[in-house]
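K.L.:
Give me the fold of what follows.
(2 chains)
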Amino acid sequence: MTGPSTLVNRLLAHKATKPVLWTLLALPLAWLLWGAINDKLGANPAEALIRGLGDWTLRGLVLTLAITPLRQWTGWHQLLRHRRAIGVATFIYGTLHWLAYAWLDQGLEIDALLKDVAKRPFILVGTLAWLLLLPLAATSFNRAIKALGGRRWQALHRAIYAIAVLAILHFFWMRSGKHLYGEVAVYASIVGLLLGWRLRNAWRQRTQVPARPAPATHAG
Amino acid sequence: LRGARSGVAGALVMDKPTPYDDVTSYNNFYEFGTDKHDPAQTAQRLKPRPWTVSIEGEVKKPKVYDLDELLKLAPMEERIYRLRCVEGWSMVIPWVGYSLAELIKRVEPAGNAKFVQFTTLADKAQMPGLRSGVLDWPYTEGLRLDEAMHPLALLTFGLYGEVLPNQNGAPVRIVLPWKYGFKSAKSIVKIRFVEKQPVSSWERANPSEYGFYSNVNPQVDHPRWSQATERRIGDDGLFAKRRQTLMFNGYEAQVGQLYAGMDLKKQF
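P.N.:
All right, here's what the predicted structure looks like:
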């Protein structure tokens, strides 16, 4: 078989792709850090840094969730080998986002942090989303997959759906104080589309499985 | 636009002024976009001249003032005020203007005038942000007459010794240093004296979160976030701790008596 999808797949499988991808994933962080060091983040650098890291966490979540639908739509099956890198990078951005908030906004004071979480539900929801990312990051290497078994590993990593929904809710509540819903609507639609596609698939599988029994040769 | 050092009590705080670039690039002025960096980009479309301000309602001498008349109405003063945004950040800005009371005295409010309402320009041709439905346009704000008469309430024409940049509310705005920043209406075209308490734009948008008074008060939180601390723009570095917010933004000695006997938790 030849054609554009195989060319893309060959590129995706090339050994240079991984370092290129990691470089791309590191660029936003490098840009933010450069801005922070050189005082180029505007009048409120702490806010710009916290929000920038949050934006990229959300974008990372969207990218991670987009891998499977994209594979199916385009036939670029080699995308799958890069999902882990995108997921791990998302976790790193999420962790830096939370740390930047705890440090720059709350001065790393536990007391202030607890009060703030109680006062602002969007902080609680964001923190919850980040906590849910922890077990996924902790099991993002081959030995963990083997130890858990593929099925259980997959079940665990479905937590990404809940994380995405919590992240959208976090963003929505953050923006609701000033009635700014434009960007929230964009992210919510994309996440809605990506999760909706999975729901539809799950529904189809459930209703269509008996109609198409697997050929006997595939058993085993 | 030069102003003499003000003699009004509390008009010259000792805090270090926020750099000019921060004051003119980090603005909440939704008529020019909702991002704080939008106004500095898009407000160049505003034409601050010619400009008139209509004084209406319960006054003995209603009048449409031309900007040049307003500029000559009273001697310009420099006032260095703290500005505290409801979002939890603050600045220190050297404004140029004179007490709003100077104008109010000249138009002679009638006996039944109890409140003052300010209206901001709402012109789609000059203000791209009006296309968004974030707030009902035009933007309106209000004060009790005695608040408006307080000498610290400043009718403002400039900052840092120059004419107000468009993004900061050119050509004329009010500045109320003891209230959250959104009370200080920008690019004013109308001042109306009324008997009943007017509804402000943010109050209309969300009455449980934005009160009519909106005095800076570290003890009364916004329903969804604390108002106890603030981040000083420009002065404080990335890792600086947030500052404690002061009652009435530090102007309690001057304005406290305006609110004597009021429950500030209820009338927030």
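
K.L.:
Low-confidence ranges, chain A, go.
P.N.:
A:1-4, A:209-220 (pLDDT under 70).

K.L.:
Pick out the residue of it closest to chain B.
P.N.:
In chain A, the residue that lies nearest chain B is A:A43 (3.5 Å; C-beta to the nearest C-beta). Every C-beta, even on glycine, is put in place using the N, C-alpha and C of the backbone.

K.L.:
Give the burial count for that residue, as a bare number.
P.N.:
Neighbour count for A:A43, taken as other C-beta atoms under 10 Å in any protein chain shown: 21.

K.L.:
Repeat that for B:L83.
P.N.:
The local packing of B:L83 (other C-beta under 10 Å) involves 22 other residues.

K.L.:
and it, helix, strand or coil?
P.N.:
Applying DSSP: H, G, I helix; E, B strand; the rest coil to B:L83 yields a three-state assignment of strand.

K.L.:
The one 3 residues further on now?
P.N.:
Counting by three-state DSSP, the backbone at B:V86 sits in coil.

K.L.:
Up against chain B, what does chain A have?
P.N.:
Within chain A, the residues that sit near chain B (C-beta under 8 Å from any C-beta of the partner chain) are A:36, A:42-47, A:49, A:103-105, A:107, A:115-116, A:119-121, A:177-180, A:182.

K.L.:
ok, of those residues, which come out buried?
P.N.:
A:36, A:42-47, A:49, A:103-105, A:116, A:119-120, A:177-179 (16 or more other C-beta atoms under 10 Å in any protein chain shown).

K.L.:
Now intersect these with the helices, please.
P.N.:
Of the positions in those, A:A36, A:P45, A:A46, A:E47, A:L49, A:D116, A:K119 sit in helices, assigned by DSSP state H.

K.L.:
mind checking how far the fourth one is from B:A43?
P.N.:
Summarising the geometry, the distance separating A:E47 from B:A43, computed by C-beta to C-beta, to the nearest Å, is 21 Å.

K.L.:
Give me the buried stretch members for the host helix or strand of B:S54, please.
P.N.:
Taking DSSP states H and E as the definition, B:S54 sits inside strand B:52-57. By 16+ other C-beta under 10 Å, the buried positions in strand B:52-57 come out as B:V53, B:I55, B:E56, B:G57.

K.L.:
Stretch B:200-208 too?
P.N.:
Residues of stretch B:200-208 classed as buried by neighbour count (16+ other C-beta under 10 Å): B:S200, B:S201, B:W202, B:E203.

K.L.:
can you give me the offset of that stretch from its chain's centre?
P.N.:
Centroid displacement of stretch B:200-208 relative to its chain, using C-alpha atoms, centre = their mean, to the nearest Å, is 16 Å.

K.L.:
Okay, now that stretch: how far is its last residue from its first?
P.N.:
Using C-alpha to C-alpha, to the nearest Å, the end-to-end distance of stretch B:200-208 comes out at 13 Å.

K.L.:
Go ahead and name everything in contact with that stretch.
P.N.:
Stretch B:200-208 is contacted by residues A:179, B:134-136, B:139-142, B:182-183, B:209-212, B:214, B:223 when judged by C-beta atoms under 8 Å, 6 or more residues apart in numbering or on different chains.

K.L.:
again, but for stretch B:256-268
P.N.:
Contacts to stretch B:256-268, defined as C-beta under 8 Å, 6+ apart, come from residues B:144, B:146-147, B:150, B:211-215, B:217, B:219-220, B:247-248.
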